[in-house]
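**Student:** Take this sequence and fold it.
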Amino acid sequence: MVSCYQPQRDCKTFKNGRFTFTTTIDGEEKTTTFVRNDTLEIDYFEGKVDTAGVRWINDCEYVVKKINPQNKAEEKSVHMKILSTTDDSYTFEYGIVGESKKSRGTAVINSQ
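**Tutor:** Sure thing, here's the model as predicted:
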């Protein structure tokens, strides 16, 4: 018996909302909170606020580009792809547009 498991992928649910994303940087856990409304994303990280434009490629893929980059690295766009969803989170893959290195993360709905 062969089973074909298809992960849930209800991406439209996550186009708008308030989310948190936790990652490890230099051995330390860091959390970012971000608010997205279709074409705009506001990130809150370590007391700083950044705003980025969001361009949706399809329901599950979008490109984020900072509106006021502070350096060359921040000028680069980031491609985001939602891989799977649950009722309150989504797992995604992300990387700099044009580069092959990708990372993964999970964003969780933040109801605060």
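**Student:** check contacts around the spatially most central residue of the chain.
**Tutor:** Centroid-nearest residue in the chain: M80, 5.9 Å away (criterion: CA atoms, centre = their mean). By CB atoms under 8 Å, 6 or more residues apart in numbering, the residues touching M80 are E61, Y62, V63, V64, F92, E93, Y94. C-beta here means a position set from N, CA and C on the backbone, and glycine is covered the same way.
**Student:** What sits closest to the first one if chain neighbours are left out?
**Tutor:** In this structure, E61 finds its nearest non-sequential neighbour in K81, 4.8 Å apart by CB to CB, 6 or more residues apart in numbering.
**Student:** The one you found is in what secondary structure piece?
**Tutor:** strand 78-85 (DSSP states H and E).
**Student:** can you check D43 too?
**Tutor:** D43 belongs to strand 40-45 when assigned by DSSP H and E.
**Student:** Enumerate every residue touching the nearest residue to the residue nearest to the centre of the chain once chain neighbours are set aside.
**Tutor:** Sequence neighbours aside, Y94 is the residue nearest to M80 in space, at 4.9 Å (criterion: CB to CB, 6+ apart). Residues in contact with Y94, defined by CB under 8 Å, 6+ apart, are V78, H79, M80, K81, K102, S103, R104, G105.
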